[in-house]
Structures are given as C-alpha cells and as structure tokens.
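Asker: The sequence isn't on hand, but the structure is:
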C-alpha cells in the first residue's frame, strides 16, 4: 500500500495534488510519450503524441521518467539510451550506451490460493454491517483499525 499520514495514497495524490493550480504543471490525459528529448547529454523534454495522433514536444528543466518496469526501458531505448548494439540493430541513434537498460526483466507469476479457515480468523466479516461502520469510524477518528 502507498500510505501517507495514515491514509491511502497514490502517485497522483502524493505528487500531482500538491502542485494543482501551479502554472508549471500541465497534465495531459490520453497522451503517449514517444521519446525523451536529449540535448548536450541532458534530458530537456519529452516528445509525445495526443489521442488524435498529433506529435508534440514539451520541454522542462527536469525530466523524470516513471513509466513502469516495462515502458520506462522502452522509452529510454527509443530515446537512444540502452545497449548500443541492440539500438543500432533497430535503427536507433545511440545517445548513451547503457547495457543494463531493459536487461534482467522477469515476469512475476502469481499463484492464487483459495482456502477455508476453521473459524473467525483474520479480517473475517470486518467489511460487513456494523463492523464495517465501526472500523470506518475508527479509521476516520484515529487512523487505525483492522
């Protein structure tokens, strides 16, 4: 769980909400980053495509890439950052030879387990009826609970 001050949090709540109304922040929905713009060995912005397919460039004093475990290395490699031989094989100009980009990615298989307990153990029926109300009030008032 992402937790801040005893409350559930998200990346949007933690990082974007405090900047709401700041003229320096521009949030675009249904936009896909295509590459990081690099000038003089430094990231200076992002090339992105809107939902209609139009290409745009946004520049910033700082670029933070947080596209997840699979898309971040893809974006870096499309930007020319990654294993040089691999990038050249795909016709991508090499900006920085970084062999570790995109390496060692492994799947995390899940094995769901369904079991029956022998009694009222764990969170048993805590999300039902009066228990749900009691737990909700306890959390709202004291930031604690099951």
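Answerer: Structure's in. What do you need? Quick caveat: nothing in here was measured; it's all calculated off a predicted structure. Numbers count the residues shown, from 1 in each chain.

Asker: What residues sit buried inside the helix or strand hosting residue 45?
Answerer: Here residue 45 sits within strand 42-49, counting by DSSP states H and E. For strand 42-49, the neighbour count (16 or more other Cβ atoms under 10 Å) marks 43-46, 48 as buried. (Glycine included, C-beta is placed from N, CA and C.)

Asker: now those residues as CSV including distance to residue 106 and pLDDT?
Answerer: What follows is the buried residues of strand 42-49, written out as CSV (distance: Cβ to Cβ, whole Å; pLDDT from 0 to 100):
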residue, distance to residue 106, pLDDT
43, 27, 96
44, 33, 97
45, 32, 96
46, 28, 96
48, 29, 97
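
Asker: Columns distance to residue 65 on top of those, output as JSON lines?
Answerer: Listed next are these as JSON lines, based on distance: Cβ to Cβ, whole Å:
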{"residue": "43", "distance to residue 65": "8"}
{"residue": "44", "distance to residue 65": "13"}
{"residue": "45", "distance to residue 65": "12"}
{"residue": "46", "distance to residue 65": "9"}
{"residue": "48", "distance to residue 65": "12"}
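
Asker: thinking again about what came up before, what's in contact with the strand holding residue 45?
Answerer: With Cβ atoms under 8 Å, 6 or more residues apart in numbering as the test, strand 42-49 has contacts from 28, 31-38, 55-60, 63.
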